[in-house]
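Peer 1: Okay, here's the prediction I keep looking at, along with the sequence it came from:
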Amino acid sequence: ASGQGVAYAGAAASAEDASVMWFNPAGLTEIKGSQVIVGAHVISPKAKFSNDGSYLGVAGNNLQGSDDDGATVGLVPNFYWKSKLGQYDIGLGINTPFGQHISYDKEWVGRYQATETNLKTININPAIAGKINDKLSFGFGLNAQYVDLILEQQANLGSSTGSAGDKTVSVKADSWGFGYNFGFLWKPQETTQVGFAYRSTVTQNAKGTIDYPAALSGSGLVDTNVSSTVNLPASATLSASQVYGKLTLLTGATWTKWSDYDSLTIQNGAGTTVSDSNQELKDSWRLSLGGIYQLNDELKLRAGVAFDQTPVSNETHRSPRTPDTDRKWIALGFGYKLTPAVDLDVGYSHLLADKSKVDYTSDNGTTHLVGSYNPTVDIFSAQVVWKY
């Protein structure tokens, strides 16, 4: 939540509290004593879809159904702990690096491509850090990441315009994956910090089930076990922090290798592909700039802006499960010292996004979603930091 107030500018270089271990484990060397952090984020998005000629089969065979906003409000918790082990600083972070919940009405115009997308992750990240010399620190962490996924859509059992007889197809799967992260923190002078951090790809070999409507059993589509291999992306961050009296300026750039993910291919027990959502995701960049002003001994003020590039390449690959587009962040926040041992951090970000076009064809080529999304996101964050 402290990072939220500056739009995560300087995240790998600014060690305000133990949550720095997620962005750069080397930052643990800048945290004095021991800490426990408990925080939560409320993510409130809007993603209104406006239909502009979606069709079944061939153009002109207009698909019936309503417009819809499938965005849902999410609560995302996190926990961090930091302490000492001899000459080393150690930490444990538990958070949710990836997540999504989009829930459309079962009668919306894109129901044959998506009605429910519910992705939850839990990442457990122990880390250790130490000083190489007076100016350079190094940190390393291991990651155990759990993924739980539900995908639902409607199967067209009715007329050529999709007006009747729809039934739900549901995929449920989960898995554990493992990865690592490391970082360096360079302090050329007391008022300057530069951080570099890297997070590895985490490969998830998910297994689960697919449930078809009974009416499709005659065509050979029956309930069965399924599997899918998904690579959640690697990322690298370069950040800097510079202190000018009471003001600290922050900047940073993050590269995310979304091309690792690229597609979601689901196979049944016989190895036959039952779904292939090839989104041709591209690597993306996030650029940020922020500042922290120490107003007095108890209160610090934060502000930041960021440009967050989408990995979605164009409208033909903008799936209703990931209706993503470029975002601009405007963030504000504050930190308040409740007692000498307890701090409160609050942050807020408003994400602006351009209207994004959609011309997406289902993997079997039968349905075509044509229209546009008009997205915005508000994020509210708070955390309590206990120093002991």
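Peer 2: All right, it came through fine. All values reported here derive from a predicted model rather than from experimental measurement. Residues are numbered from 1 along each chain as shown.
Peer 1: For residue 99, give me the backbone phi and psi.
Peer 2: phi -170, psi 150 (degrees, to the nearest 10).
Peer 1: From residue 304, how far off is residue 216?
Peer 2: Per CB to CB, to the nearest Å, residue 216 is found 50 Å from residue 304. The way it works is simple: take the backbone N, C-alpha and C, and place the C-beta from them, glycine included.
Peer 1: Mind checking which of these two has more residues around it?
Peer 2: residue 304 (27 against 14; other CB atoms under 10 Å).
Peer 1: three-state assignment of residue 27?
Peer 2: helix (DSSP: H, G, I helix; E, B strand; the rest coil).
Peer 1: Look up the closest residue to it, ignoring the ones flanking it.
Peer 2: Once flanking residues are discounted, residue 27 sits nearest to residue 20: 3.4 Å by CB to CB, 6 or more residues apart in numbering.
Peer 1: How about residue 136?
Peer 2: Excluding the flanking residues, the one nearest residue 136 by CB to CB, 6+ apart is residue 186, at 5.4 Å.
Peer 1: May I have the beta-bridge partners of the closest residue to residue 100 other than its chain neighbours?
Peer 2: Spatial nearest neighbour of residue 100, chain neighbours left out: residue 119 (4.5 Å); criterion: CB to CB, 6+ apart. Note on residue 119: beta-bridge partners by DSSP bridges are residue 100, residue 149.
Peer 1: tell me the pLDDT at residue 119?
Peer 2: You'll see residue 119 listed with a pLDDT of 93.
Peer 1: repeat for residue 75
Peer 2: In this model, residue 75 is scored at 96, pLDDT.
Peer 1: State whether it and residue 39 are indeed in contact, as I suppose.
Peer 2: No - in this structure residue 75 lies outside contact range of residue 39 using CB atoms under 8 Å: 11.3 Å.
Peer 1: which one of those two has more residues nearby?
Peer 2: Shown here are residue 75 and residue 39; by other CB under 10 Å, residue 39 has more neighbours (22 against 9).
Peer 1: With adjacent residues omitted, what lies nearest to that one?
Peer 2: Residue nearest to residue 39 in three dimensions, not counting chain neighbours: residue 383, with 3.0 Å by CB to CB, 6+ apart.
Peer 1: okay but the one you found is in contact with residue 2, surely?
Peer 2: Yes - between residue 383 and residue 2 there is a contact under CB under 8 Å: 6.9 Å.
Peer 1: who does the worst-scoring helix or strand of the chain on mean pLDDT pair up with?
Peer 2: Scoring the helices and strands of the chain by mean pLDDT, DSSP states H and E places strand 273-278 at the bottom, with a mean of 79. Here strand 273-278 is paired, per DSSP bridges, with strand 263-268 (antiparallel).
Peer 1: what stretches of the stretch 1-150 of the chain score poorly on pLDDT?
Peer 2: Across the stretch 1-150 of the chain, nothing is flagged by pLDDT under 70.
Peer 1: any idea how far residue 10 lies from residue 239?
Peer 2: On the measure of CB to CB, residue 10 and residue 239 end up 5 Å apart.
Peer 1: so what sits against both of those two?
Peer 2: Listed as contacting both residue 10 and residue 239 by CB atoms under 8 Å, 6 or more residues apart in numbering are 195, 250, 251, 252.
Peer 1: any idea what sits nearest residue 79, other than its immediate chain neighbours?
Peer 2: Using CB to CB, 6+ apart and skipping the chain neighbours, the partner closest in space to residue 79 is residue 94 (4.5 Å).
Peer 1: Please verify my assumption that that neighbour contacts residue 124.
Peer 2: Yes - contact status for residue 94 versus residue 124: in contact at 5.5 Å, counting by CB under 8 Å.
Peer 1: for the helix or strand hosting the residue nearest to residue 79, which positions count as buried?
Peer 2: Element membership for residue 94 (DSSP states H and E) is strand 88-95. Going by neighbour count (16 or more other CB atoms under 10 Å), the buried part of strand 88-95 is 89, 90, 91, 92, 93, 95.
Peer 1: Just list whatever residues bridge to the fourth one.
Peer 2: Meaning residue 92. Applying DSSP bridges to residue 92 yields these beta-bridge partners: residue 81, residue 126.
Peer 1: List the strands paired with the longest strand along the chain, with their directions.
Peer 2: In the chain, with assignment by DSSP state E, the single longest strand is strand 167-189. In the sheet, strand 167-189 lines up against strand 136-155 (antiparallel), strand 192-199 (antiparallel), strand 202-211 (antiparallel) (DSSP bridges).
Peer 1: just the angle between the first one and strand 88-95, please?
Peer 2: Using axes from the mean of the first three to the mean of the last three CA atoms, to 10 degrees, one finds that strand 136-155 and strand 88-95 are set 10 degrees apart in direction.
Peer 1: Output strand 136-155 as CSV, nothing but the C-alphas.
Peer 2: Taking Å, rounded to 0.1, in the frame of the first residue of the first chain, the C-alpha atoms of strand 136-155 are listed here in CSV:
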residue,chain,number,x,y,z
LEU,A,136,26.0,-2.8,-2.8
SER,A,137,23.4,-5.3,-1.5
PHE,A,138,22.1,-8.6,-3.0
GLY,A,139,18.9,-10.5,-2.3
PHE,A,140,17.5,-13.8,-3.4
GLY,A,141,14.1,-15.5,-3.0
LEU,A,142,12.2,-18.6,-3.8
ASN,A,143,8.5,-18.7,-4.9
ALA,A,144,5.8,-21.3,-4.5
GLN,A,145,2.7,-20.2,-6.4
TYR,A,146,-0.7,-21.8,-6.4
VAL,A,147,-3.2,-21.1,-9.2
ASP,A,148,-6.9,-21.9,-9.2
LEU,A,149,-8.9,-21.2,-12.4
ILE,A,150,-12.5,-21.4,-13.5
LEU,A,151,-13.6,-20.8,-17.1
GLU,A,152,-17.2,-20.9,-18.2
GLN,A,153,-19.0,-20.1,-21.5
GLN,A,154,-22.3,-21.0,-23.1
ALA,A,155,-22.8,-23.7,-25.7
